[in-house]
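Asker: Quick one, fold the following:
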Amino acid sequence: MLGIELPAKAADGDQIKFYLVNIDDVSIIKTIEQPIAPIAEVEWPNITGLEAIGEKVYMTYIQMHPTTFATDFVDTTYVAVYSYPDMKLETIMKDTRTGPAGSWSAFNGIIKTENGDLYTMSNTSMANGFSKGGKNAAFLRIPAGTTVFDQNYFFDFESKSGGLKPAHIKYIGNGLIFAEVSTLNPQTAADRWSDKDLKCSIIDVYNQTITDIDEIPIHSGNGGRRFTALVDGGYVYYPVSTTDGIYIYRIDPKTATAERGAKVSTSFVGGFFKLN
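Answerer: Residues are numbered from 1 along each chain as shown. Sure, this is the predicted structure:
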C-alpha cells in the first residue's frame, strides 16, 4: 500500500512524504521525501486521487489556498506522475479542456479501468468546495502506460446531463461508475460546501452515457468525506440519508435500478465494508 503525507501549508514543511506500507504486518517499509515545489507552481496542492500502474503512480490534485481555501485556478487539469517504487517525479501532465481533477477531500479525481487506462473527472463543483466554477464537468482519458491525455477522448458530462456536475464517484468495473450527481443548476456561492440535492446515476465512460437510478431519492451527501459505496458481487451497496432515516440501497449497475433494504440506526455512516 502507498500512503501520502502532505503538509497543510508551506509553513508546515516543503516535502511530500510517500510511505510504502506492508498491509500484512502493518509496517512501514520505506519513507521517501520529495520537494512539493513542482506541484505547487500556482497554489498549494490538495490531493484528490491516486492510481498505480506498473512502475508509475498518477496523482491528481487541485490548487487551493491553504488558509482561505479559495480555488482561483480552475482552468487546467493537473496529474503528477511519479516513478514507482522510488517515487521520483517524472512529469506533470496538464490539459486545459477541463478544470482540476477531483474535489476537496473526496478522492474522486482519477480511476483505473481493467485495461489499465486512466480517467480523470473534473467537476469544479461549488457544492463540493470550489470557490468559483470553471469549465464544464468532464472526463478525460490517459491511455495505459502513457503520460499524455488522449486528445480524441472528451466526455463532456455537463453538456450531456443538462448542466449538472458529478459530486462523488465509485468505479464498478467494465467502464461503469456509480455516482452521486449534484442537481443544483446553476451552482452559486451560497451552495459552497453544501453537498446537497444529489441524485444517483450510472456513468459509462466507455460509451459516454449517463443513466439515472430512479429508485433512489434526492438526498444530501457526506460533506466531502470518503464515498461510502461498497461494490460486491456485481452490486453496489450504498447508505442513503433520507428524511425518514438512513437506508441501505442495493444497486444493479447493469440495469441502473435499485431496491431499498435495511435501515441503519445512526445519524451518519462513515465507512462501509465487507468482512471476509
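Asker: any idea how far the nearest residue to D117 once chain neighbours are set aside is from D150?
Answerer: Nearest non-adjacent residue to D117, counting by Cβ to Cβ, 6 or more residues apart in numbering: A144, 5.2 Å away. Bear in mind the C-beta positions are built from the backbone N, C-alpha and C, glycine included. Here A144 is placed at a distance of 11 Å from D150 (Cβ to Cβ, to the nearest Å).
Asker: what about the residue nearest to D117, distance to E90?
Answerer: Counting by Cβ to Cβ, the gap between A144 and E90 amounts to 16 Å.
Asker: now the strands for the stretch 51-200 of the chain?
Answerer: For the stretch 51-200 of the chain, applying DSSP state E, counting those that start in this stretch gives strands covering 56-63, 77-83, 89-95, 110-112, 118-122, 138-142, 165-173, 176-182, 198-204.
Asker: want to throw those into JSON lines with distance to I28?
Answerer: As requested, these are arranged in JSON lines below (distance: least, Cβ to Cβ, whole Å):
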{"stretch": "strand 56-63", "distance to I28": "17"}
{"stretch": "strand 77-83", "distance to I28": "18"}
{"stretch": "strand 89-95", "distance to I28": "21"}
{"stretch": "strand 110-112", "distance to I28": "24"}
{"stretch": "strand 118-122", "distance to I28": "27"}
{"stretch": "strand 138-142", "distance to I28": "29"}
{"stretch": "strand 165-173", "distance to I28": "27"}
{"stretch": "strand 176-182", "distance to I28": "32"}
{"stretch": "strand 198-204", "distance to I28": "36"}
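Asker: Rebuild those as JSON lines, extending it with distance to R260 and mean pLDDT.
Answerer: Below are the strands of the stretch 51-200 of the chain laid out as JSON lines (distance: least, Cβ to Cβ, whole Å; pLDDT from 0 to 100):
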{"stretch": "strand 56-63", "distance to R260": "34", "mean pLDDT": "97"}
{"stretch": "strand 77-83", "distance to R260": "37", "mean pLDDT": "98"}
{"stretch": "strand 89-95", "distance to R260": "40", "mean pLDDT": "98"}
{"stretch": "strand 110-112", "distance to R260": "27", "mean pLDDT": "98"}
{"stretch": "strand 118-122", "distance to R260": "27", "mean pLDDT": "98"}
{"stretch": "strand 138-142", "distance to R260": "29", "mean pLDDT": "98"}
{"stretch": "strand 165-173", "distance to R260": "19", "mean pLDDT": "97"}
{"stretch": "strand 176-182", "distance to R260": "16", "mean pLDDT": "98"}
{"stretch": "strand 198-204", "distance to R260": "12", "mean pLDDT": "98"}
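Asker: Is it correct that the residue nearest to D117 is in contact with I53?
Answerer: Yes: using Cβ atoms under 8 Å, A144 is in contact with I53, at 6.7 Å.
Asker: overlap in contacts of those two?
Answerer: Counting by Cβ atoms under 8 Å, 6 or more residues apart in numbering, the shared contacts of A144 and I53 are G116, L118.
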